[in-house]
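Colleague: Sequence first, predicted model second:
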Amino acid sequence: MVVCDMSEHACHNPNCGKPIPPHLVSHSSAWFALPKKLRDDIWRTYRAGQEDDKRPTMTYIDALDACIKFWRENHTQCRIPKRTVSRERIHAIGNRVGVREN
Ligand SMILES: [Zn+2]
């Protein structure tokens with residue numbers, strides 16, 4: 001069993017570990033790489049509000065453990081979506097550091 005500290009919420013994919021919102025298990029690319037059965041197990045054992053009181057059920061932790069094992073064995077990497085930045089902001093950054101626009 002993996003003991004996880006849920007106070008600082010990071011992606012549960014052992015090949016990633018980047019921060020994500022507390023209601024997510026992993027980045028979506030790793031999540032959808034899981035077999036459907038493992039995803040179903042997570043949904044079945046998930047208790048609403050567990051990310052607030054930090055008390056997930058033991059069955060949930062077991063389900064999560066199976067997911068982590070899958071990611072580790074398959075060397076699943078998260079494809080993290082690039083944050084969209086507005087054009088104005090890109091221009092502002094360019095002006096500040098003196099980068100010429102192409
Ligand atoms: Zn991730």
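Modeller: Noted; the coordinates are in hand.
Colleague: which stretches of the protein form helices?
Modeller: Using DSSP state H, the helices of the chain run over 28-31, 36-45, 50-53, 58-74, 87-97.
Colleague: Show residues contacting stretch 15-35.
Modeller: Residues outside stretch 15-35 that contact it (C-beta atoms under 8 Å, 6 or more residues apart in numbering): 6, 8-13, 39, 42, 51-52, 64, 67, 70-72, 74-80. Just so you know, the C-beta spots here come from the backbone N, C-alpha and C atoms, and that holds for glycine as well.
Colleague: Mean neighbour count, the helices of the chain: which tops it?
Modeller: Scoring those by mean neighbour count under mean count of other C-beta atoms under 10 Å gives helix 28-31 as the most buried, with a mean of 18.
Colleague: can you pull the contacts of Asp52?
Modeller: If you count contacts by C-beta under 8 Å, 6+ apart, Asp52 has them with Pro22.
Colleague: pLDDT of stretch 26-38, averaged?
Modeller: For stretch 26-38, mean pLDDT is 97.
Colleague: now do stretch 53-69
Modeller: Mean per-residue pLDDT for stretch 53-69: 93.
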